[in-house]
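# Generate coordinates for the sequence data below:
(chains A and B)
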Protein chains: 2
Amino acid sequence: MPSIKDVADLAGVGVGTVSRVINNHPNVKPETREKVNAAIKQLNYVPNEVARNFKMQKSKMVALLLPSIWHPFFSELAYYIEDGLDKEGFKLMLCNSGGRPDKELYYLDMLNQNKVAGIIGITYNDVEDNVSTDIPIISIDRHFGKKITCVTSDNYTGGRIALKELVKAGAKKAAYLGIHSSAYSEVRLRKTGFIDEAGAQGIEYIIYEEHDETFSDDKYFGDFFKIKEHQDVDGVFANTDILAAKYIAAAKQHGLRIPEDVKVIGYDGIQDNKLFRPILSTIRQPVEEMARMSVRLLLRKIEGKTLEQDIYRLPVMYREGETTSCSVFLSL
Amino acid sequence: MPSIKDVADLAGVGVGTVSRVINNHPNVKPETREKVNAAIKQLNYVPNEVARNFKMQKSKMVALLLPSIWHPFFSELAYYIEDGLDKEGFKLMLCNSGGRPDKELYYLDMLNQNKVAGIIGITYNDVEDNVSTDIPIISIDRHFGKKITCVTSDNYTGGRIALKELVKAGAKKAAYLGIHSSAYSEVRLRKTGFIDEAGAQGIEYIIYEEHDETFSDDKYFGDFFKIKEHQDVDGVFANTDILAAKYIAAAKQHGLRIPEDVKVIGYDGIQDNKLFRPILSTIRQPVEEMARMSVRLLLRKIEGKTLEQDIYRLPVMYREGETTSCSVFLSL
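Residues are numbered from 1 along each chain as shown, chains lettered A, B, ... in the order given. Below is the predicted model of the structure:
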C-alpha cells in the first residue's frame, strides 16, 4: 500500500504539503494541489483515516480575539459566534486580546501552524502584510485591505439615522461625541454619516473626539461642558451606548434634563432588557447576524473558497428608548 | 539512541502511558509512574522534544463550560479565567453549555482523550461517576462529591447578611425570592442562610420559589402579588440581581415604591458602573477571586496534586445601592 511519503515523492513536494491538500487547507497553490491530486490518483493512495482525523481535529478550532469578553457587546457577539461554530462542529478558543498585539500575533502563528483553522476578531495589528490571500481571518469593524474580510454594521447609515432622529426629536444643534483609536476602524464612518446628514439637513453641528489612549471620563466631559459653543447643544449622538450613558450622567450633574434639554442617541444596543434606566435611544447593531455572517464567511474561507466582497456591511436599526422623547416610556 | 517504544517495552506498559508519565499527566498510577521513570533512567532515554512539545501543546487547553457567556456574571468570570490561564500559558476553549448536557459530556470525553488538560465550569450532569479521583475538573457553584472540586462564594453567609441588612434598613417582614433548578447547587445555601438569620432575629419571613423550567416573569410575579400574606412584605432578598431588578419593575407596577415601601437586596454584583439605575443593594460575589482560585486549583490538579478541600468558599461582601436606603444616592 502506498504511503503519504510515496505521494510526496511522486509529486515532488513535502509530506506536509500532501497533508494540506488532503485536508483542504487553503494555503496551497492551485498547481501544487493539482500535482498532488494527480499523484494520489496514480498511486491509488488512501489516506490513513486515523491520522487524517487527527489532523482535521486539530483544525476544528477557531480563535476569537476580542478586546474584552466582559463588555456586553462582545459577550453577545461571542455567544452567537460560539453557537454558530458549534452547529458546524467547530470549537471556539477565546482570547481577550485587548491592548496586547503579541497575543494576536501568537494566534496568527497558530494559524500558520495549522493549529487553529481560522480567526474571527477585532484585530489591532495590521497583519495584512504577514498573511497570504484567502487566509481564514474575519475581522469585525476593522478593515485592513483585500486579504482580510471585514464584517461590520452599516456605520455610515447609522450615523445618518442618528442625526435624522435627533432632528426629528427637536434638536437644533447636534454634537457627535466619540472616542477614537489610531487603528483604522469602520466605526469612524458613524461620524462621516452624521456629518453628511447634518449637511443635508442644514443643521449646525459639533464634532468632539478624544483619543482612547488619553481618555478619562472626568477630563472628557469636564472639557466638553467648559467650551462656550457647546452650551446650546440640544442633541447628542455618542458613538457607543456606554459613552451615551456617561454623557447623560455628566449632563445631569450640569443640571441638564434628558430628553427635555438634550436628546441623546447611542450606538450598539447593549440593553437587552428594560430593567435598568435610562433606556437609551440607540442605533442597534445586528449582533446575531454579524456573528453568524462571520462564521459563515470564515468557514467558506477555510474550505478554500474566495469571497465576493472585501467588506460585508449589515443594516442597522433605530431603536427608540426614553432619551429622545418624553412620552414613550411614561407608561412604564 | 533508545526510543519511547524501548522505554514502554522495558517498563511493560504502552507507549501512551510513557507519554503520560513524561508529560506529567495525572491519570497514571504511582506504581506505573515509578516503573516508567526507572526504565527512562536505565535506558538514558531523552524524549524527542518536538514530539513532546506537540503533546504538551495539545494539553495546554482548558475548556470553560458556562450556561451562557452573554450573562454579565459569566462574562466577568470568563474574563478573569482567561486572564489567569493566559498568565500560565494555557488557552481557553469556550462552550455555552446551557441546557445541553451532551455538550458537557463531549468535553469530558476530550478530557479523557487528553485533548483538553482540564475543565472549569458550571456543570449540569452528575459526571462524578464517570471520572476518576483527581481528574482536573473545577466546578463553580455546583458540588457533586469528593472528586470534583467546587469553588463558590459563601452563599450561606450571603443569605444571612442579606436578611440582616434588610432588617437594619427597617424591614419587618422579609421574603426570599428564588428560582431553583433540579441539580443540586451551592446557590441553595442563600436560602438556608436567609432562613437561619430570620430565625436568629425572630423576624417573620416568606419563601417564594419556582422551578427554572417552568419560570416565566409574568406568572411568577403575578402569582406573588396575588397571595394575601405577601401584601405586607417590606423586605425582599432575590437570589440574583436580575431577579431583584425584575421584582422592582413588577413592584412599581403594583404601586410600590422602592426603597420607601419595600427594601430590596440582590445577589451577584453584576453592575460594574453607576450609569444605569436602580443601583441595586446586593451581595457581591468575589468574581475575580473565584476565577483565579479556579485556575489555581485546576492547575494543581493538572500537575497531579491532591487538593486539601472538596469545596472552596470565598467570602462575599454587602454592597449598598439605592434599593435599601433613600439617602445614599441623593447626591448623584
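
# The residue lying closest to A:His143 once chain neighbours are set aside: what secondary structure?
Distances taken as Cβ to Cβ, 6 or more residues apart in numbering or on different chains put A:Cys150 closest to A:His143, at 4.1 Å, once the chain neighbours are dropped. Just so you know, the C-beta spots here come from the backbone N, C-alpha and C atoms, and that holds for glycine as well. Taking DSSP: H, G, I helix; E, B strand; the rest coil as the rule, one finds A:Cys150 in the strand state.

# Give the full set of residues in contact with the residue positioned nearest the centre of chain A.
Compute the mean C-alpha point of chain A, and by Cα atoms, centre = their mean the closest residue is A:Ile140, 2.2 Å away. If a contact means Cβ atoms under 8 Å, 6 or more residues apart in numbering or on different chains, then A:Ile140 has A:Leu77, A:Ile120, A:Gly121, A:Ile122, A:Cys150, A:Val151, A:Thr152, A:Met290, A:Ser294 as its contacts.

# between those, which is nearest B:Glu210?
A:Leu77 (31.4 Å; Cβ to Cβ).

# Look up which residues are beta-bridged to the residue nearest to the centre of chain A.
A:Val151 (DSSP bridges).

# pretty sure A:Arg292 is touching A:Tyr80, no?
Yes. Counting by Cβ atoms under 8 Å, A:Tyr80 is a contact partner of A:Arg292 at 6.3 Å.

# Which residue ranges of the stretch 51-200 of chain A form strands?
Remark: strands assigned in the stretch 51-200 of chain A by DSSP state E, counting those that start in this stretch are A:61-66, A:91-96, A:118-121, A:137-140, A:149-153, A:173-180.

# Report the mean confidence score over the second one.
To tie it back to what came earlier, the one meant is strand A:91-96. Averaging pLDDT along strand A:91-96 yields 92.

# Kindly report the same for the fifth one.
Across strand A:149-153, pLDDT averages out at 95.

# returning to that earlier point: with neighbour count added, can I get the contacts of A:Ile140 in TSV?
Shown next, in TSV, are these (neighbours: other Cβ atoms under 10 Å in any protein chain shown):
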residue	neighbour count
A:Leu77	26
A:Ile120	27
A:Gly121	25
A:Ile122	19
A:Cys150	22
A:Val151	26
A:Thr152	22
A:Met290	23
A:Ser294	27
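
# what's the farthest-apart pair in these?
A:Leu77 and A:Cys150 (14.4 Å).

# about what we covered before: out of the strands of the stretch 51-200 of chain A, nearest to B:Glu209?
Among the strands of the stretch 51-200 of chain A, strand A:91-96 sits nearest to B:Glu209 (Cβ to Cβ), with 33.8 Å.

# tilt between the closest one and strand B:91-96?
120 degrees (axes from the mean of the first three to the mean of the last three Cα atoms, to 10 degrees).

# ok, residues contacting strand A:91-96?
A:60-70, A:78, A:81-82, A:85-86, A:103, A:107, A:116, A:121, B:61, B:64, B:78-79, B:82-83, B:86, B:91-95.

# For A:Asp232, give me its contacts.
By Cβ under 8 Å, 6+ apart, the neighbours of A:Asp232 are A:Lys173.

# For the nearest residue to A:Glu320 once chain neighbours are set aside, grab the count of nearby residues.
Excluding its sequence neighbours, the residue lying closest to A:Glu320 (Cβ to Cβ, 6+ apart) is A:Ser281, at 5.2 Å. A:Ser281 has 27 neighbours, counted by other Cβ atoms under 10 Å in any protein chain shown.

# my guess is A:Ser281 meets A:Gly321, correct?
Yes. Judged on Cβ under 8 Å, A:Ser281 makes contact with A:Gly321 at a distance of 4.2 Å.

# The stretch 51-200 of chain A against chain B: which residues are in contact?
Taking Cβ under 8 Å from any Cβ of the partner chain, the part of the stretch 51-200 of chain A that reaches chain B is made up of A:57, A:61, A:64, A:68-72, A:75-76, A:78-79, A:82-83, A:86, A:91-96, A:103, A:115.

# Compare the strands of the stretch 51-200 of chain A and report which one is nearest to B:His254.
Comparing the strands of the stretch 51-200 of chain A by Cβ to Cβ, strand A:173-180 comes nearest, at 38.3 Å.

# Show me where the stretch 201-332 of chain A has its helices.
A:217-226, A:241-253, A:287-302 (DSSP state H, counting those that start in this stretch).

# how about the longest one: buried residues?
Going back to what we said before, that points to helix A:287-302. Using 16 or more other Cβ atoms under 10 Å in any protein chain shown as the test for burial, helix A:287-302 gives A:287-288, A:290-295, A:297-302.

# what's the farthest-apart pair in these?
Greatest spatial distance among the buried residues of helix A:287-302 (Cβ to Cβ): A:Val287 and A:Ile302, at 22.5 Å.

# Cheers, nothing more for now.
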